[in-house]
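Q: Give me a 3D structure for the following:
(2 chains)
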Amino acid sequence: MPRLDAAELRERMARDLPGAVLEVVPLQVAAAPPHGPQPGAFMTSDTLVAPSRLVEAACYLRDLLGYAYLSDIAVVDYLADDLFELVYRFYHVEGGEGLTLKVRIPRDHPEVPSLTPAWPGANFHEREAFDLYGIVFVGHPFLRRIYMWDEFEGFPMRKDFPKQGDKYIGADE
Amino acid sequence: MPLEIVFPMTNEHELQLDLERQGVFLSTVNRFYNWGRRSSIWPMAFGLACCAIEMMAFGLSRYDVARFGAELFRASPRQADLMIVAGTVTKKMAPQVVRLYNQMAEPRYVISMGACATSGGPFRDGYNVLRGIDLLVPVDVYVPGCPPRPEALLHALITLQDQIDRQKLGRVRWYGQGAKPQTTDFPVPTFGAQGLEIDGHLVDPVGGLPLVSSYTAPEFGEMKSGRLEHPEIVRHFPIMDPSVELEHPLKARGMAPEIAADDLKRGEVGNAEA
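A: The predicted model follows:
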């Protein structure tokens, strides 16, 4: 069973792919709660990859380290930081804990290279991220909506999508 | 006895059942016809979400809907009498649900199973779920629950059988001629930029409340209920019209024009064709 944790991945990837790994900037999670994680403490230990080197980093995980299963692509909308964070989770087929690659892209220009040409399993995940968050995956062969209907306008999972529901009727934004 | 006032035929119905219990069969055509229909309600094998799991339990041997004659789940709407809307109707699925309902032959019935099908349930505030199937097709029986237990669905079926028992051939929408409330297909919604549309008008937007009122049950006339579902809809109500003089907050002074004309059935008043 492979034993590779996030810190070690970061170290190895920084050694083998020079320039691909970025220094993690702490996120300003808005409105500090009275207890729990405070701003500044919100640091990720996962490997933050430069968007232009994403395909290379993912193929490194798959071909050299054997993490061949791309489990999902999650998008986090950090409205206060004005960025989207894409979280790619990889698993080793022999089991063990997964590893995570993260990519941060600006909200007003959400473009990231597509994994689909190199990694066909990423196809539907990327279409879903495009459908709900409007992330443009450059190089995707068939980037169109997958859940919502084609005629729909807007990206409903973005934090600045208008609030939904009866309880907000009449409430000012 | 308020029940007798609401359903004048209840009394006669009870009398008939009483006699049948004692072995006296004084049958009417209605009674025979209804007995035939109520005893073989074939549901459509059509599940949308987790409620469908309970619907399967309802059909299988533990709860055994065969006791009530409804065990034949048909895979085609052409052969089915009952559509159990079992689960969350997403906006993307809604046109298919209405199309399936349109394809069913009369007499046809609808059970709205669970909170999602009835009102959108926990997903009502979301962007993707239809806020109740009764916005698009008339529902005979609603079952609350999330999901309802199979017993609840059995109870809904028995309630539907009771409703069928009370029907009169001359009054049902699918028999005879004349102006019936619904003789054409129900409009199938289309996808728009902001939600579901019917004939180009937005009916269930992605944000906010549905802009259309729901159908009432077939037992109660199967019309649009006319209730104001959304405060932003501009409709002409005399009470809300500032130029109308009010007697008290709920009544305008004077007499409504339709009452003055002694013509409550003229076209502008009802919305049977809506």
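Q: And what about residue B:156, helix, strand or coil?
A: Three states are possible here, and by DSSP: H, G, I helix; E, B strand; the rest coil the one that applies to residue B:156 is helix.
Q: how about it, what does it touch?
A: With contact taken as C-beta atoms under 8 Å, 6 or more residues apart in numbering or on different chains, residue B:156 is in contact with B:111, B:113, B:141-143, B:148. Yep, even glycine has a C-beta here, placed from its N, CA and C like the rest.
Q: any idea which of the residues you listed has the most stuff around it?
A: The most neighbours of any of these, using other C-beta atoms under 10 Å in any protein chain shown, belong to residue B:113, which has 32 neighbours.
Q: pLDDT at it, what is it?
A: Looking at residue B:113, its pLDDT reads 93.
Q: Residue B:264 too?
A: For residue B:264, the model assigns a pLDDT of 52.
Q: what helix or strand does residue B:203 sit in?
A: Counting by DSSP states H and E, the element that carries residue B:203 is strand B:201-205.
Q: Any buried residues in that strand, and which?
A: Using 16 or more other C-beta atoms under 10 Å in any protein chain shown as the test for burial, strand B:201-205 gives B:202-205.
Q: Serialize these to JSON lines and add fields for pLDDT and distance to chain A.
A: Below are the buried residues of strand B:201-205 laid out as JSON lines (pLDDT from 0 to 100; distance: C-beta to the nearest C-beta, whole Å):
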{"residue": "B:202", "pLDDT": "78", "distance to chain A": "12"}
{"residue": "B:203", "pLDDT": "80", "distance to chain A": "15"}
{"residue": "B:204", "pLDDT": "79", "distance to chain A": "12"}
{"residue": "B:205", "pLDDT": "77", "distance to chain A": "10"}
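Q: need the helices for chain B, in chain order.
A: Listed in chain order, the helices found in chain B under DSSP state H are B:2-6, B:10-21, B:29-38, B:51-59, B:94-103, B:114-119, B:150-165, B:257-260.
Q: what are the ranges of the strands in the chain?
A: Unless you meant another one, I'm taking chain A. Applying DSSP state E to chain A gives strands spanning A:47-49, A:69-78, A:83-91, A:99-106, A:111-113, A:136-138.
Q: meant chain B actually
A: Using DSSP E, the strands of chain B run over residues B:82-86, B:109-113, B:141-143, B:190-191, B:195-198, B:201-205, B:246-248, B:251-252.
Q: which of these has the lowest average pLDDT?
A: Minimum mean pLDDT among the strands of chain B: strand B:251-252, a mean of 58.
Q: Next one: residue B:107 from chain A, what distance?
A: According to C-beta to the nearest C-beta, to the nearest Å, residue B:107 and chain A sit 33 Å apart.
Q: Spit out the contact partners of that residue.
A: With contact set as C-beta under 8 Å, 6+ apart, residue B:107 has these partners: B:37, B:81, B:172, B:174.
Q: now do residue B:144
A: If you count contacts by C-beta under 8 Å, 6+ apart, residue B:144 has them with B:114-115, B:118, B:152.
Q: now that we have these, which one has the most neighbours?
A: Neighbour counts for the contacts of residue B:144 peak at residue B:114, which has 30 neighbours (criterion: other C-beta under 10 Å).
Q: Need the nearest residue in space to that one, chain neighbours excluded.
A: In this structure, residue B:114 finds its nearest non-sequential neighbour in residue B:51, 4.3 Å apart by C-beta to C-beta, 6 or more residues apart in numbering or on different chains.
Q: okay, now the closest residue to residue A:53 other than its chain neighbours: neighbour count?
A: Distances taken as C-beta to C-beta, 6+ apart place residue A:20 nearest to residue A:53, at 3.7 Å, with adjacent residues excluded. For residue A:20, the number of neighbouring residues by other C-beta under 10 Å comes to 19.
Q: how far away is the residue nearest to residue B:104 when sequence neighbours are not counted from residue B:145?
A: With sequence-adjacent residues excluded and distances taken as C-beta to C-beta, 6+ apart, residue B:104 is closest to residue B:77, at 4.6 Å. Going from residue B:77 to residue B:145 by C-beta to C-beta, to the nearest Å gives 25 Å.
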